[in-house]
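J.: Return atomic coordinates for the entry below.
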Amino acid sequence: MSTHTPYHHGDLRAALLTRAESTLREAGVDGLSLRQLARDTGVSHAAPNRHFRDKQALLDALAVTGFERLGTCFDQVVPEGPITARLHTVAHAYLRFAMDNPELLPLMFARRHSSTSADIQESVDRAFAVPIALIAEGQAAGEIVAGDPKRLGVTALAALQGLATFIGSGYVVDYDSRALLDDLVHHLTLGLLPR
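T.: Numbering: from 1, shown residues only. Modelled structure (predicted):
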């Protein structure tokens with residue numbers, strides 16, 4: 001039995017996205033349907049179609065929302081201090097987000113997104129602006145190896161995503177997740193140091 005608050009007034013799109021994310025956590029992507037969202041929010045079956053033309057559009061909107069929240073996590077990183085300490089803070093923010101959103105994260109990085117959704121690419125660019133700028137700042141200060149900051153960021157993100165997947169799956173229960181992250185950031189930082 002679903003425990004939800006029916007929609008009565010205000011922002012239907014936001015209410016649908018909130019309920020969709022709850023459903024994603026409870027039942028996964030396969031459990032999402034616009035018809036069920038309409039029932040759960042107490043609106044007509046056609047009402048969600050005013051905001052999402054189909055299920056893929058809903059999934060795309062959830063991905064955008066996820067990237068916006070991830071960007072907010074990165075925005076809270078302290079803007080001053082040693083580059084390595086700030087990179088560590090970014091890595092912890094990412095891992096915390098990944099652990100708090102295990103169902104949303106794979107959806108965010110799925111390539112099934114609609115090819116017409118420029119919103120997704122814009123939200124990705126905004127989300128990763130802070131880490132990429134931090135890498136570029138470290139390069140300008142001579143603290144990080146030269147190269148395309150975005151490419152370096154993608155490599156680091158892939159490593160963090162892999163660790164988040166291992167931790168989330170319970171594959172590394174014999175290890176403290178914070179210690180594993182510290183090890184990963186240490187090795188990544190060594191790899192980013194100028195040679």
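
J.: Remind me what the helix or strand of the chain with the lowest mean pLDDT packs against, helices and strands.
T.: Ranked by mean pLDDT, DSSP states H and E, the weakest helix or strand in the chain is helix 177-192, scoring a mean of 78. Packing partners of helix 177-192 (3 or more Cβ pairs under 8 Å, 6 or more residues apart in numbering; DSSP states H and E): helix 83-100, helix 149-169. Just so you know, the C-beta spots here come from the backbone N, C-alpha and C atoms, and that holds for glycine as well.

J.: Pull out the buried positions in the first one.
T.: So that's helix 83-100. Neighbour counts over helix 83-100 (16 or more other Cβ atoms under 10 Å) mark 83-84, 86-95, 97-98 as buried.

J.: Would you mind pulling up the elements that it packs against?
T.: Helix 83-100 sits against helix 55-75, helix 129-140, helix 149-169, helix 177-192, with contacts defined as 3+ Cβ pairs under 8 Å, 6+ apart.

J.: contacts for the first one?
T.: What that stands for is helix 55-75. The contact list for helix 55-75, computed with Cβ atoms under 8 Å, 6 or more residues apart in numbering, reads 13, 16-17, 20-21, 24, 29, 32-34, 37, 48, 51-52, 90, 93-94, 96-97, 101, 104-105, 107-108, 110, 112-114, 117, 119-120, 123-124, 126-131.

J.: What's the ChimeraX line that selects buried ones from the residues you listed?
T.: To isolate the buried subset of the contacts of helix 55-75 in ChimeraX, counting by 16+ other Cβ under 10 Å, use the following:
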select :16,17,20,21,24,32,33,34,37,48,51,52,90,93,94,97,101,104,105,107,108,113,117,119,120,123,124,126,127,128,130,131
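
J.: Can you flag which of the contacts of helix 55-75 belong to helices?
T.: 13, 16-17, 20-21, 24, 34, 37, 90, 93-94, 96-97, 104-105, 107-108, 119-120, 123-124, 126-127, 129-131 (DSSP state H).

J.: which element is residue 26 on?
T.: Element membership for residue 26 (DSSP states H and E) is helix 12-27.

J.: for that helix, packing partners?
T.: helix 34-41, helix 55-75, helix 104-108.

J.: Would you mind giving the domain segments of this structure?
T.: For the chain, automatic domain parsing gives the domain ranges 8-52, 56-192.

J.: re the thing from before, the buried residues of helix 83-100 into a markdown table, with extra columns for pLDDT?
T.: Converted to a markdown table, the buried residues of helix 83-100 look like this (pLDDT from 0 to 100):
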| residue | pLDDT |
| --- | --- |
| 83 | 86 |
| 84 | 82 |
| 86 | 88 |
| 87 | 86 |
| 88 | 85 |
| 89 | 88 |
| 90 | 89 |
| 91 | 88 |
| 92 | 87 |
| 93 | 90 |
| 94 | 91 |
| 95 | 87 |
| 97 | 92 |
| 98 | 88 |
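
J.: can you redo these as TSV with distance to residue 67?
T.: Below are those laid out as TSV (distance: Cβ to Cβ, whole Å):
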residue	distance to residue 67
83	24
84	26
86	21
87	20
88	22
89	19
90	15
91	17
92	18
93	14
94	12
95	16
97	10
98	13
